[in-house]
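Student: Give the three-dimensional model of this entry:
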Amino acid sequence: MNDLKLFALEYISFQDNLKDKEKIILGKFVLEATDSQINYLLSKGEMIKKEDSRLQEYNVGGATIIQGGDFVNITLGSKALAVIGGMGGIIAAATLASWSYKIYKNFISKAGRKCRDYPGGKSRSKCLATVKLMGLQKQIEALRKGKMACSKSKDPKKCSSKIREKEGRIKLKFNKTKSEVSSIDAAIKQKIGN
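Tutor: Numbering: from 1, shown residues only. This next block holds a predicted model:
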């Protein structure tokens, strides 16, 4: 049982306005519900079916974004990365930035293992730089898709502004890494030509 289910069950048990029968019904629902259903229950006070049209699901860089009501639930595998609902704009933006960085690191660690097969030197450096480039692209993509969560924050304009700033900084890293790959390519071609 994950932390969200434990929290929801604990929260339900302390509700004095609920009868014991209602607490049991809600408890059974929580035990069988997905994280997004539980978040919807906690934010809206309604039990919702998985296939309900109020829940929208997106996949970005191996992460799942589920949006419904006043919240956005972001998970990577079975690990919840962020739940945004009613947060201030800066906090929501920071949460999204942190989430996009985790996607980047997850991608880098998986794809970077392939570079072990290369011998040291320029070819390995090129492999690592190319993987970093692809990871930065995934991070930019995640920020763009995650930007929709800003609308669920208390200050959507501030959240979007901070996300654009973060995206700009990542694009600078992307361009720098792209020129690194080009210079490594040139060095390899020069070495082959000699």
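
Student: Quick check: residue 102 vs residue 41, distance?
Tutor: 26 Å (CB to CB, to the nearest Å). (Each C-beta comes from the backbone N, C-alpha and C, glycine too.)

Student: Next, please give the residue ranges for the strands of this structure.
Tutor: 56-60, 63-68, 71-76, 79-84 (DSSP state E).

Student: remind me which residues of the chain are low pLDDT?
Tutor: The model of the chain has pLDDT under 70 over residues 1, 40, 42-96, 152, 194.

Student: let's go with 50 and repeat that
Tutor: 81 (pLDDT under 50).

Student: quick one, longest helix in it?
Tutor: In terms of residue count, the longest helix belonging to the chain (DSSP state H) is helix 156-193.

Student: Would you mind pulling up the elements that it packs against?
Tutor: helix 89-112, helix 122-146 (3 or more CB pairs under 8 Å, 6 or more residues apart in numbering; DSSP states H and E).

Student: wait, which of those helices is closest to residue 9?
Tutor: Residue 9 sits nearest to helix 89-112 of all the helices and strands packed on helix 156-193, at 24.4 Å, using CB to CB.

Student: and residue 185, how many residues sit next to it?
Tutor: Using other CB atoms under 10 Å, residue 185 is surrounded by 14 other residues.

Student: Kindly report the same for the one 4 residues further on.
Tutor: Other residues within reach of residue 189 by the criterion other CB under 10 Å amount to 10.
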